[in-house]
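Trainee: make a model of this:
(one chain, ligands or ions: 1)
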Amino acid sequence: MREVLIIGSGIAGMACAIRCAELGMHVTLASPYPSERAQSVMAAGGINAVTADCEPGDSVACHIADTLRGGADLAGEQAVAGLCAHAGEILQYLEQIGTVFSVDAAGRPMRRAFGGQSHKRTHYCGAGTGKLMVSALVMEVRRWEAAGRVQRRLRCTFHSALLRDGVCRGALLFDEATRSLEPVCADATVIATGGQNGLFGKTTGSALCDGYAAGMLFLQGAELKNLEFIQYHPTTLETAQKRMLISEAVRGEGGRLFYLENGERVYFLEDKYGPGGNLMTRDVVSREMEATGRDVFLDVSFLDAGVIDARLPEVRDLCLKYRGIDIRREPIPVAPSVHFFMGGLAVGLNHETGLRNCFAAGECASIYHGANRLGGNSLLGAMYGARVAAEAIAGRAFPEDRPDFSKQVEARRAALEEKLASQSPFPAMYIRDMLAVTMREKLGIVRDEAGLRQGIADVDYDIAVAEQIKYDSSVSPYFNYSLTGILAAARATLSCALARRESRGAHYRCDFPERDEAQRFASVVAYEGGAYRVRLDREHAYES
Ligand SMILES: Cc1cc2nc3c(=O)[nH]c(=O)nc-3n(C[C@H](O)[C@H](O)[C@H](O)COP(=O)(O)OP(=O)(O)OC[C@H]3O[C@@H](n4cnc5c(N)ncnc54)[C@H](O)[C@@H]3O)c2cc1C
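Mentor: Here you go, the predicted model:
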């Protein structure tokens, strides 16, 4: 039976595992934690789909046009057309397996519009769309597990791909239980490890998604794409563990952003853009907040308490629980934070990376969102891309031989054990923390050449140090060996941002503030002989 190894068990990993099982394959689904702890559970806003009973005037063509425009004309038209055309069918499937979407009193689907959408087409499950989707998919995965088609492996992290003549034949996993590296050979390997939040320290997302797998595969020959496009969400609240997302719904209900000057409130967005100023797009609001150079607050206390309780209960509870702030009486201190990664592993229409038989799906793959993502399109992209990858694998002929990787495996085990053998005076976690500072400062909302060059110099220094240090035995071996891939992903991101000498979508360069149509291509970065080479690539911009 065809063997598929899937790394990461969020929505993309599970959707791919289920489709592979349905198509008659056997799947190993590996992740460090259960799916219920994947970032996917945090998705609250909803998933986009044009259905038969859609809002009057809406259509798949409108969804495609909104997605391409939202992505600042950088997403591939063919890929986006496939995504939007299959959205209705994906929604139906999710309902079939038990995802309960919100309906009105008459039983009609409830929908909302996120920024950049011409119609209301975001379907949601109260405030728990991600949670309900994950629960339904987990039940399906368990069904296939009981049928012997899926084997879930927990406490396993990706270490490196097993390659023979440029073809991926599986991967080495680090098993936390045995604290050793274990080869898992497979006909096809699917990477579904989510975004690169960990590079930036605290974000709205999960620190478990750290970009390591993408960075390691890059060092092994895969290309990365559009890494400079990082979506900042303007309204997030600082807490001990992460930055909590304060939903756009707050501004949708009339919430006003202000800062204080001599004790007076300045409603800077309304002053500049008029009454609709608070609802400008995420990148504009984030930039304007940053430009104030002040602490910014979001206020809804002027709304009737009943309205807040009825329409914003999750935000009310979140602020009270994590910061003791009662939004019915006081404003919320907010700041922009890293939220979503449009860039990642470069994949073709069938979701295959540059390494043959190695696929990628979900937030770790760069294909549908161009230079900026529309809210509600990433859950859709994770579901759709996962199914596309599974179908591509089912339709492919694979080599029948089983190459012997024992020498490679032994060499990598020995290298890891040697490093683990002694305690480092210079902990790996310190390098991770320093990296996060560099990334936040140099790849912030506004970038420039001098900052990016300094960022590259800093990361090059970190890379040199990381090569020399012994491992820190006070943390999991993963936090040590993952430094190599994480630093490569960070360095590649800075290289892409430096190469794009224009402002487009989520990438804003104050030294090149205008959009330049001559650069309307994806940035594709490759690791060649120790160098990070970036090209602005027509093929990836239009065909992927
Ligand atoms: C607060 C928040 C709200 C959001 N709301 C929405 C929304 O309303 N609508 C929408 O469309 N999108 C939303 N998003 C984005 C969306 O949730 C994600 O893009 C999507 O869930 C990603 O799914 P995934 O399966 O690719 O990754 P994830 O769900 O992040 O899963 C990644 C998996 O890979 C595993 N993993 C990571 N690294 C390794 C490794 N080295 N080895 C092995 N396994 C590894 C993880 O443990 C996990 O199992 C939101 C994001 C956030 C942060």
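Trainee: okay, now the unreliable bits of this structure?
Mentor: Within the chain, the ranges that satisfy pLDDT under 70 run 422-426, 539-544.
Trainee: quick one, phi psi at the closest residue to the ligand within the stretch 301-450 of the chain?
Mentor: Distances between the stretch 301-450 of the chain and the ligand by CB to the nearest ligand atom are smallest at Gly362, namely 2.2 Å. For glycine as for every other residue, the C-beta is placed from the backbone atoms N, C-alpha and C. Backbone torsions of Gly362, given as degrees, to the nearest 10, read phi 90, psi -160.
Trainee: show me what contacts it?
Mentor: 8, 10-13, 192-194, 381-382, 385-386 (CB atoms under 8 Å, 6 or more residues apart in numbering).
Trainee: now the element after the helix or strand Gln78 falls within, going C-ward?
Mentor: Using DSSP states H and E, Gln78 sits in helix 77-85. Remark: after helix 77-85, the chain's next helix or strand is helix 87-96, criterion DSSP H and E.
Trainee: tell me the angle that following helix makes with helix 77-85.
Mentor: If you take axes from the mean of the first three to the mean of the last three CA atoms, to 10 degrees, helix 87-96 sits at 40 degrees to helix 77-85.
Trainee: could you shift the numbering so residue one becomes 82, and keep it that way?
Mentor: All right, first residue 82 from here; so that's helix 168-177.
Trainee: who are the packing partners of helix 168-177?
Mentor: Where contact means 3 or more CB pairs under 8 Å, 6 or more residues apart in numbering; DSSP states H and E, helix 168-177 is packed against strand 128-129, helix 141-151, helix 458-475.
Trainee: could I get these in JSON lines, plus columns for mean neighbour count and distance to Val606?
Mentor: Output for the helices and strands packed on helix 168-177, formatted as JSON lines (neighbours: other CB atoms under 10 Å; distance: least, CB to CB, whole Å):
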{"stretch": "strand 128-129", "mean neighbour count": "30", "distance to Val606": "29"}
{"stretch": "helix 141-151", "mean neighbour count": "20", "distance to Val606": "23"}
{"stretch": "helix 458-475", "mean neighbour count": "26", "distance to Val606": "21"}
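Trainee: can you name the residue of the stretch 232-381 of the chain nearest to the ligand?
Mentor: At 2.6 Å from the ligand, Gly275 is the closest residue in the stretch 232-381 of the chain, using CB to the nearest ligand atom.
Trainee: these two touch, right, Glu304 and Glu609?
Mentor: No - using CB atoms under 8 Å, Glu304 is not in contact with Glu609; the gap is 10.3 Å.
Trainee: ok, now how distant is the residue of the stretch 382-531 of the chain closest to the ligand from Gly94?
Mentor: According to CB to CB, to the nearest Å, Gly443 and Gly94 sit 7 Å apart.
Trainee: where do the contact lists of the two overlap?
Mentor: 273, 467.
Trainee: sorry, back to before: out of the helices and strands packed on helix 168-177, which is closest to Lys212?
Mentor: Closest of the helices and strands packed on helix 168-177 to Lys212 is helix 458-475, at 11.7 Å (criterion: CB to CB).
Trainee: what's in contact with the following helix or strand past that closest one?
Mentor: Later in the chain than helix 458-475, the nearest helix or strand by DSSP H and E is helix 487-501. Applying CB under 8 Å, 6+ apart, the contact partners of helix 487-501 are 240-241, 243, 253, 255, 261-262, 264, 551-552, 554, 558, 561-562.
Trainee: and these, which of them are buried?
Mentor: By neighbour count, with 16 or more other CB atoms under 10 Å, the contacts of helix 487-501 hold 240-241, 243, 253, 255, 262, 264, 551-552, 558, 561-562 as buried.
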